[in-house]
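Colleague: kindly return the folded structure for what I paste below:
(chains A and B)
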Amino acid sequence: MRLEKCWFCSSTVYPGHGIQFVRNDAKIFRFCRSKCHKNFKMKRNPRKVKWTKAYRRVHGKDMTQDATFEFERKRNRPERYDRHVAEETLKAIKKIDKVRVDREARHYAKRMKGKKAQVQKEAANELEQSIHMVKAPAALQKEPSLTLPKVYQKQTEDRMVE
Amino acid sequence: MVQYNFKKITVVPTGKDFIDIILSRTQRQTPTVVHKGYAISRIRQFYMRKVKYTQQNFHDKLSTIIEEFPRLDDIHPFYGDLLHVLYNKDHYKLALGQINTARNLIGKIAKDYVKLLKYGDSLYRCKSLKVAALGRMCTVIKRVGPSLAYLEQIRQHMARLPSIDPNTRTILICGYPNVGKSSFINKITRADVDVQPYAFTTKSLFVGHTDYKYLRYQVIDTPGILDRPFEDRNIIEMCSITALAHLRASVLFFLDISGSCGYSVAQQAALFHSIKSLFMNKPLIIVCNKTDLQALEGISEDDMKLVMEMKAEAMKTLIGQGGEPTNDEGVLLTMSTLTEEGVIAVKNAACERLLDQRVELKMKSKKLNDCLNRFHVAMPKPRDQKERPPCIPEAVLEAKAKKAEQAAEKQKKLERDLENENGGAGVYSASLRKHYILANDEWKEDIMPEILDGHNVYDFVDPDILQRLEELEREEGMHQEHEADDFEMDGAELTPEEQEALAEIRKKKRLIVQQHRIKKSTAESRPTVPRKFDKDKQFTSERMGRQLSTLGLDPTLAINRARSKSRGRKRERSIDKGNQNGTDDMDVDGDQPNKKLRLRSRSLSRSRSRSKSRPPYEVLPGEGLKDSAQKKKAIKLAEKSHNKRNKDARKGEADRVIPTLRPKHLFSGKRSTGKTDRR
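Modeller: Here you go, the predicted structure:
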């Protein structure tokens, strides 16, 4: 029993899920669900379909080369069972996972580094340029701050109050 | 050439047939239509093709003939000689040579005529060239006709030659005619050779097969040989001489001691001595046949002497081979094919002798020597006849016996027994892990998970995983330190009021976009109603006032201005009646429409003053309404029902138009199924 990777979106295919397609040249394509299968039949290139891992890797959204990926490699030679090795492996898997997740988070942070400043700059710009939509230029002259103006109340009321 | 299979040679057609075949094929397989109106190159190509095609076919067929007939030098000398004896080597070679020349000639003819055709300038000329070419080729073949016929004859005869393998174990039977050779071969093999009282019943070689000691032997029956000088021999005798000369076989010389073949023992002995040179290196056995008519012991002294001489000769061959000189039983044998006594003995003797000789030869050959040189079995020579069996002590014998007993008792417990004990096939499942070879036997029943957290565990198994993990963690530690160093500077953040303003701005923008989209999508299906027919009362001055005040402005001036400029129905009329001369300050739209209305109302009110006009809510007698109040209400209801719709520019009752009252497709035509009384 093995967990395979979907050819289209690179998510794991658990046993009992998905479809496998074997081409005439004996290449096997595994799909996790019919969405990927249908996209494949439409001859779409996963590198151009936004939500796939292939796209994300190619466009630098997810990290591509890392030492943590080297640990998980399909080895075709079976090893003789050794309890200690098995124990170590199981513990190691967890640690490797943690490291990988941390690294991915770091990658994301690096990617998003300048975002906050840029967003703020854009907001400030927009506010300055479009303030006329909520505050008449006359009111802006009187009160030059970029905030909502005071809603004009009728003078008669004031006078009546007075 | 194939060793002994001449049956696969293709049929050689006669000259005439040959020509017919090729010409008809040319006619069928090449295009047939050509007109004199075609381009000259096309005509030339047409005829050249025919010539070339014919030449190619001739070439192919003649080549197959030449290749398939065996070359006498390439085959086994036995067959070479046999074919020479039967067909005359020279004649055979000549015939094939003629065929070869014919082939070359045809090639040349074709080449020449193709060259000429290249310069043919009319259809007629090209055609005659082609006719000439084909004609010449056919003449060549006609000339070669006799050779073809001869080769066909040879082919037929060759196909019927017996398939003799010159290299395998063979027994050759020879002797005078009518001594009983064919009857012998009929007895020991399944061959069915003609046996008749006249001489030369057997005219060619016959092959039969027999078995001895799990090996197959060929037995070759030859035609009888007469005692004549070599040059006088006829073809049939030459066959047997050839066989004797070339085949490595054991020879059975048949002797008719009764003389019923028509030749005396002396004559047969004379024959023997004349051909004994052919028996060189072959195991020879002299067989005295027809002992039922005359026993060997009972022949005359002279004949006995002759027989003994022959035997001596035969013995010489025996000694010459290196066999034991003491054994002389296999040299002279008696038998009778009629009563079948001694036949098997003869056969066995012949086979045995041949086998010995072949084994000897093989032993002497190189290959066997290599093997034999590697080991040497030393057998001690027995010095006397005393028996010396191996000496095993008693204790050992007892122990062996006991062990045998135990083994018989305690048979290995099979898995099958185990299964039967534990409940049978469906209940018990064999534990395959029992025989695992692991470092520690306790681990045999361990279950290792295959999947963990969405990973295949087997992909991670690695002898130096720990070490690599350590490196990884170290790296990670370093990275984390560096990470602690850099952090982001917060830029200038907006104050909450500013954020409020920004949110408002964005909301407004979104609204505008949304409304535009609605307008755009409905513009295609619905007519755009101008703003003045604003049924939802969107564009009121109050609303404008509210909007302006939210923008921070004082709206009163704007509202007043708007109100004064707007045209209410009542205001229009009042203006009309009041100001007939000039325009008001408030009139923005200009003079003309006012003037029009003014003029119209004036004309209406003045020209048709009281004679036709009626007060609006006056109830007329036939209308069916109670009083003017009711009529007013009725009118109001009617107006209400259509005003909104009209202002929306939607289709009303009066707008219903039927473009065609009776469209043809609804009122005519047949139906594929069903009646047409419902239309």
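
Colleague: all contacts plus neighbour counts: C-alpha atoms, from now on.
Modeller: Will do.

Colleague: give me the contacts around stretch A:76-83.
Modeller: Here stretch A:76-83 makes contact (C-alpha atoms under 8 Å, 6 or more residues apart in numbering or on different chains) with B:438-439, B:443, B:446, B:461.

Colleague: buried residues in the lengthiest helix in chain A?
Modeller: Ranked by number of residues, the top helix in chain A under DSSP state H is helix A:83-111. Buried positions in helix A:83-111, judged by neighbour count with 16 or more other C-alpha atoms under 10 Å in any protein chain shown: A:83, A:85-86, A:89-90, A:92-93, A:96, A:99-100, A:103-104, A:106-107.

Colleague: as CSV, those with pLDDT would be great.
Modeller: Shown next, in CSV, are the buried residues of helix A:83-111 (pLDDT from 0 to 100):
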residue, pLDDT
A:Arg83, 92
A:Val85, 91
A:Ala86, 92
A:Thr89, 93
A:Leu90, 93
A:Ala92, 92
A:Ile93, 94
A:Ile96, 93
A:Val99, 92
A:Arg100, 93
A:Arg103, 92
A:Glu104, 94
A:Arg106, 92
A:His107, 93
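
Colleague: of the contacts of stretch A:76-83, which is the most crowded?
Modeller: B:Val461 (24 neighbours; other C-alpha atoms under 10 Å in any protein chain shown).

Colleague: quick one: that residue and A:Ala86 touch, right?
Modeller: Yes: B:Val461 is in contact with A:Ala86 according to C-alpha atoms under 8 Å; the separation is 7.4 Å.

Colleague: quick one on the thing from earlier: residues contacting the following helix or strand past the longest helix of chain A, please?
Modeller: Scanning forward in sequence from helix A:83-111 by DSSP states H and E, the next helix or strand is helix A:115-130. For helix A:115-130, the surrounding residues in contact (C-alpha under 8 Å, 6+ apart) are A:146, B:490-494, B:498, B:501-502, B:505.

Colleague: could you export helix A:115-130 as PDB, CA atoms only?
Modeller: Output in PDB follows, covering the C-alpha atoms of helix A:115-130 (Å, rounded to 0.1, in the frame of the first residue of the first chain):
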ATOM      1  CA  LYS A 115       3.600  43.500   1.400                       C
ATOM      2  CA  LYS A 116       2.500  45.400   4.400                       C
ATOM      3  CA  ALA A 117       4.400  48.600   3.500                       C
ATOM      4  CA  GLN A 118       3.200  48.400   0.000                       C
ATOM      5  CA  VAL A 119      -0.400  48.000   1.100                       C
ATOM      6  CA  GLN A 120      -0.200  51.000   3.400                       C
ATOM      7  CA  LYS A 121       1.400  53.100   0.700                       C
ATOM      8  CA  GLU A 122      -1.400  52.200  -1.700                       C
ATOM      9  CA  ALA A 123      -4.100  53.000   0.900                       C
ATOM     10  CA  ALA A 124      -2.600  56.400   1.600                       C
ATOM     11  CA  ASN A 125      -2.400  57.100  -2.100                       C
ATOM     12  CA  GLU A 126      -6.000  56.100  -2.700                       C
ATOM     13  CA  LEU A 127      -7.200  58.200   0.200                       C
ATOM     14  CA  GLU A 128      -5.400  61.200  -1.000                       C
ATOM     15  CA  GLN A 129      -6.600  60.900  -4.600                       C
ATOM     16  CA  SER A 130     -10.200  59.900  -4.000                       C
END
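
Colleague: could you list the buried residues of that helix?
Modeller: Within helix A:115-130, the residues that count as buried by 16+ other C-alpha under 10 Å are A:117, A:120-121, A:123-124, A:127, A:130.

Colleague: closest to A:Ala54 among those residues?
Modeller: A:Ala117 (29.4 Å; C-alpha to C-alpha).

Colleague: buried set for stretch B:379-395?
Modeller: Buried, per 16+ other C-alpha under 10 Å, within stretch B:379-395: nothing.

Colleague: and it, how far apart are its ends?
Modeller: Counting by C-alpha to C-alpha, to the nearest Å, you get 30 Å between the two ends of stretch B:379-395.

Colleague: which other residues reach it?
Modeller: Residues contacting stretch B:379-395 (C-alpha under 8 Å, 6+ apart): none.

Colleague: may I ask which helix or strand of chain A has the lowest mean pLDDT?
Modeller: helix A:155-161 (a mean of 52; mean pLDDT, DSSP states H and E).

Colleague: please state the offset of stretch B:432-445 from the chain centre?
Modeller: In terms of C-alpha atoms, centre = their mean, to the nearest Å, the centre of stretch B:432-445 is set 47 Å apart from its chain centre.

Colleague: same question for stretch A:104-112.
Modeller: Distance, centroid of stretch A:104-112 to centroid of chain: 11 Å (C-alpha atoms, centre = their mean).

Colleague: poorly predicted segments of chain A, please.
Modeller: A:155-162 (pLDDT under 70).

Colleague: quick check, central residue of it?
Modeller: In chain A, the residue lying closest to the centroid (C-alpha atoms, centre = their mean) is A:Lys61, at 7.2 Å.

Colleague: what sits against it?
Modeller: Residues near A:Lys61 by C-alpha under 8 Å, 6+ apart: A:108, A:111.

Colleague: which element is it on?
Modeller: Here A:Lys61 is assigned to no helix or strand, by DSSP H and E.

Colleague: burial count for residue 142?
Modeller: All of this is about chain A. Residues near A:Lys142, counting by other C-alpha under 10 Å: 8.

Colleague: should've been chain B
Modeller: B:Lys142: 19 neighbours (other C-alpha under 10 Å).

Colleague: so it touches B:Asp17, yeah?
Modeller: No: with contact defined as C-alpha under 8 Å, B:Lys142 does not count as touching B:Asp17 (10.0 Å).

Colleague: find residues that contact each of the two.
Modeller: With C-alpha under 8 Å, 6+ apart applied, the contact sets of B:Lys142 and B:Asp17 do not overlap.

Colleague: can I get the buried residues of helix A:83-111 in CSV including distance to B:Leu361?
Modeller: Below are the buried residues of helix A:83-111 laid out as CSV (distance: C-alpha to C-alpha, whole Å):
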residue, distance to B:Leu361
A:Arg83, 67
A:Val85, 67
A:Ala86, 68
A:Thr89, 71
A:Leu90, 73
A:Ala92, 75
A:Ile93, 75
A:Ile96, 77
A:Val99, 81
A:Arg100, 80
A:Arg103, 84
A:Glu104, 84
A:Arg106, 88
A:His107, 86
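
Colleague: of all those, which two lie farthest apart?
Modeller: A:Arg83 and A:His107, at 35.9 Å, using C-alpha to C-alpha across those.

Colleague: poorly predicted segments of the stretch 551-679 of chain B, please.
Modeller: B:567-612.

Colleague: which residues of it lie near chain A?
Modeller: B:551-554 (C-alpha under 8 Å from any C-alpha of the partner chain).

Colleague: is A:Leu140 in a helix, a strand, or coil?
Modeller: Here A:Leu140 is recorded as helix under DSSP: H, G, I helix; E, B strand; the rest coil.

Colleague: ok, it - contacts?
Modeller: Residues in contact with A:Leu140 (C-alpha under 8 Å, 6+ apart) are A:Leu146.

Colleague: nothing else from me, thank you.
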